[in-house]
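Got a predicted structure plus its sequence, pasted below:
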Amino acid sequence: MAAPRKKKVLPRVRLATGIAAIPMKDFQNTKYYIHYELDKKSAMDITKPWIKKTFSKEDAKAILANAEYYFHMYSHYVTAILWETNGLEYPSAYKNIYEKAIEFYSSLIESGKEIAKNREKEAAAKGNVIVLSPRERLRAKVNKTIMVEIDDLEDEWMDGQKTEIDLYNRMRYHDLKGAAVDQVRRTIDGWMLDYSDAYHKKCEQAVEGYSHIGRAELKRRMKACETMLSDLDKLKAASKAVRTRVSKPKAADKQVARVKYCKENSDYKLVSINPVLIVGAARLFTFNVKTRMLTEYITMSPKGFEVSGTSIKKFDTEASRCTRLRKPDEVLPSIQSKTPKQIDNIFKGLSTKINVPNGRLNGDTVIIRALDK
């Protein structure tokens with residue numbers, strides 16, 4: 001029998017699943033609700049994650065190979081799991097129910113192994129080859145890499161730690177690009193919604209579910225979620241920059257042959273676009289990671305910018321501008337995604353001095369964005 005792990009509060013699921021509406025003040029009422037009101041999928045959303053966390057990877061795989069009704073029809077065991085993970089006290093009539101739940105699911109290990117073994121034999125006999133689509137492969141990779149780290153982060157928060165994760169660089173480490181962002185964002189958005197509802201008292205279930213967490217900690221978690229969501233936006237922008245197709249004349253390749261620039265900077269989580277895109281563009285944004293200088297180049301030439309050596313040519317010195325950023329992490333995401341008019345309002349809102357750029361690029365310069373107008 002696998003030894004049960006330490007108590008852990010299950011993450012609150014939104015009301016649409018039915019779990020958020022479960023009454024948690026009386027064991028019998030909880031059991032009644034799960035038995036008569038809770039849908040099968042929501043019940044399995046309680047039991048299956050618990051099985052994966054309570055048993056070894058091999059035993060959990062065997063248990064989960066059994067028929068699905070084992071994971072939703074035994075309402076007293078589902079209630080026991082929910083009660084235990086929330087650290088609630090059992091009534092005397094159900095004093096040993098949690099241990100019985102462990103015994104029950106442990107008893108499914110051998111049968112599950114047999115089922116899995118027979119399935120493998122049947123698949124081999126039929127010559128079946130499972131071919132995953134690119135989307136399925138990506139989903140599997142995300143679940144095996146960054147989502148494991150995110151689950152670990154949540155576990156550490158539940159243990160009282162104030163851990164943070166650099167989501168941008170961790171996803172780069174796992175070679176996860178923009179296509180993986182939405183899958184990760186759903187989890188972080190869910191956290192953010194839960195913490196915000198609890199902090200601002202917008203949802204009674206959220207307030208009750210996170211009543212054991214102080215307001216200061218809720219605020220810290222909200223801030224951490226904001227940072228992670230910002231990292232995901234930056235990763236998507238970086239992936240888009242790398243993906244951009246180059247359709248400039250061959251002469252552009254020769255113009256930028258000697259250009260020096262910063263291809264990627266992990267501190268500010270920026271990736272340069274191809275410098276070929278400068279040639280012929282009407283508007284250009286660059287950022288010097290060493291001086292924190294943000295520059296906007298504008299040209300009035302109908303042929304757009306030209307590049308000579310390591311310098312940008314034909315930019316309008318009156319319309320172009322540069323300024324040192326005090327808080328680059330707050331401004332740069334907008335430069336990557338907003339319209340020129342919105343960016344103009346950002347420049348106007350900065351308190352730092354506006355200067356005339358010199359047009360030179362160097363190894364500290366990230367080429368953020370090039371526009372045709």
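The structure has been received and is ready for your questions.

can I get the CA coordinates of stretch 165-180 in CSV?
Provided in CSV are the C-alpha atoms of stretch 165-180 (Å, rounded to 0.1, in the frame of the first residue of the first chain):
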residue,chain,number,x,y,z
ILE,A,165,9.1,31.4,-11.4
ASP,A,166,10.6,33.1,-14.4
LEU,A,167,8.1,31.7,-16.9
TYR,A,168,9.6,33.3,-20.0
ASN,A,169,13.1,31.8,-19.5
ARG,A,170,11.8,28.5,-18.2
MET,A,171,9.6,28.1,-21.4
ARG,A,172,12.6,29.1,-23.5
TYR,A,173,14.6,26.5,-21.7
HIS,A,174,12.1,23.8,-22.6
ASP,A,175,12.0,25.1,-26.2
LEU,A,176,8.4,26.1,-25.9
LYS,A,177,7.3,28.8,-28.3
GLY,A,178,4.3,31.0,-28.9
ALA,A,179,2.0,28.1,-29.7
ALA,A,180,2.4,26.8,-26.2
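
So which bits of that stretch are buried?
By 16 or more other CB atoms under 10 Å, the buried positions in stretch 165-180 come out as 165, 167-168, 170-172, 174, 176-178, 180. Yep, even glycine has a C-beta here, placed from its N, CA and C like the rest.

out of those, which one sits closest to residue 317?
Relative to residue 317, the closest of the buried residues of stretch 165-180 is residue 168; by CB to CB it sits at 34.9 Å.

Now that closest one: closest residue in space that isn't a chain neighbour?
residue 231 (3.9 Å; CB to CB, 6 or more residues apart in numbering).

So the one you found: helix, strand or coil?
With DSSP: H, G, I helix; E, B strand; the rest coil as the basis, residue 231 sits in helix.

can you tell me which residues contact it?
Residue 231 makes contact with 166-168, 171, 269, according to CB atoms under 8 Å, 6 or more residues apart in numbering.

tell me which element the residue sitting nearest the centre point of the chain falls in.
By CA atoms, centre = their mean, the chain has its centre lying nearest to residue 184, at 3.4 Å. Element membership of residue 184, judged by DSSP states H and E, is helix 181-199.

show me where pLDDT drops low in the stretch 201-350 of the chain?
Applying pLDDT under 70 to the stretch 201-350 of the chain flags residues 242-250.

those strands in it, which residues are they?
264-265, 270-271, 283-288, 293-298, 306-308, 311-313, 321-324 (DSSP state E, counting those that start in this stretch).

The fifth one: partners in the sheet, and parallel or antiparallel?
Using DSSP bridges, the strands paired with strand 306-308 are strand 311-313 (antiparallel).

Could you do the second one as well?
Sheet partners assigned to strand 270-271 using DSSP bridges are listed as strand 264-265 (antiparallel).

One more: the third one?
Each strand pairing with strand 283-288, determined using DSSP bridges, is listed with its direction: strand 293-298 (antiparallel), strand 365-371 (antiparallel).

Pull the residues that contact that strand.
Residues contacting strand 283-288 (CB under 8 Å, 6+ apart): 268, 270, 278, 293-299, 305, 312, 315, 325, 328, 332, 335, 340, 343, 361-362, 364-373.

Now with 6 Å, please.
Strand 283-288 is contacted by residues 278, 294-298, 335, 364-371 when judged by CB atoms under 6 Å, 6 or more residues apart in numbering.

Return the member of the residues you listed nearest to residue 30.
Taking CB to CB as the measure, residue 30 lies nearest residue 335 of those, at 50.8 Å.

Not counting residues beside it along the chain, what's closest to that closest one?
Using CB to CB, 6+ apart, the nearest residue to residue 335 is residue 285, at 5.3 Å.

how many neighbours does the one you found have?
20 (other CB atoms under 10 Å).

what's the distance between it and residue 239?
Note on residue 285: its distance to residue 239, by CB to CB, to the nearest Å, is 18 Å.

now do residue 310
27 Å.

Looking at those two now, which is surrounded by more residues?
Neighbours per residue (other CB under 10 Å) separate residue 310 from residue 239, with residue 239 holding more: 19 against 16.

thinking again about what came up before, show me which of the buried residues of stretch 165-180 is closest to residue 357.
Closest to residue 357, out of all of the buried residues of stretch 165-180 and judged by CB to CB, is residue 168, at 27.5 Å.

Now do the phi/psi pair for the closest one.
phi -60, psi -50 (degrees, to the nearest 10).

What are the phi and psi values at the nearest residue to residue 239 once chain neighbours are set aside?
Leaving aside its sequence neighbours, residue 239 sits nearest to residue 178 (CB to CB, 6+ apart; 3.2 Å). Dihedral pair for residue 178: phi -60, psi -30, per degrees, to the nearest 10.

Using CSV, lay out the contacts of residue 231 together with distance to residue 356.
Formatted as CSV, those follow (distance: CB to CB, whole Å):
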residue, distance to residue 356
166, 36
167, 37
168, 32
171, 38
269, 28
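
Among these, which lie within helices?
Here DSSP state H is the test, and the contacts of residue 231 give 167-168, 171 as lying in helices.

what stretches of the stretch 1-150 of the chain score poorly on pLDDT?
For the stretch 1-150 of the chain, the ranges with pLDDT under 70 are 1-17, 125-131.

what about the helices in the stretch 51-200 of the chain?
57-63, 75-85, 97-106, 109-126, 134-144, 146-158, 167-173, 181-199 (DSSP state H, counting those that start in this stretch).

Dump the ones you listed to JSON lines, plus distance to residue 321.
What follows is the helices of the stretch 51-200 of the chain, written out as JSON lines (distance: least, CB to CB, whole Å):
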{"stretch": "helix 57-63", "distance to residue 321": "57"}
{"stretch": "helix 75-85", "distance to residue 321": "56"}
{"stretch": "helix 97-106", "distance to residue 321": "65"}
{"stretch": "helix 109-126", "distance to residue 321": "64"}
{"stretch": "helix 134-144", "distance to residue 321": "40"}
{"stretch": "helix 146-158", "distance to residue 321": "38"}
{"stretch": "helix 167-173", "distance to residue 321": "28"}
{"stretch": "helix 181-199", "distance to residue 321": "31"}
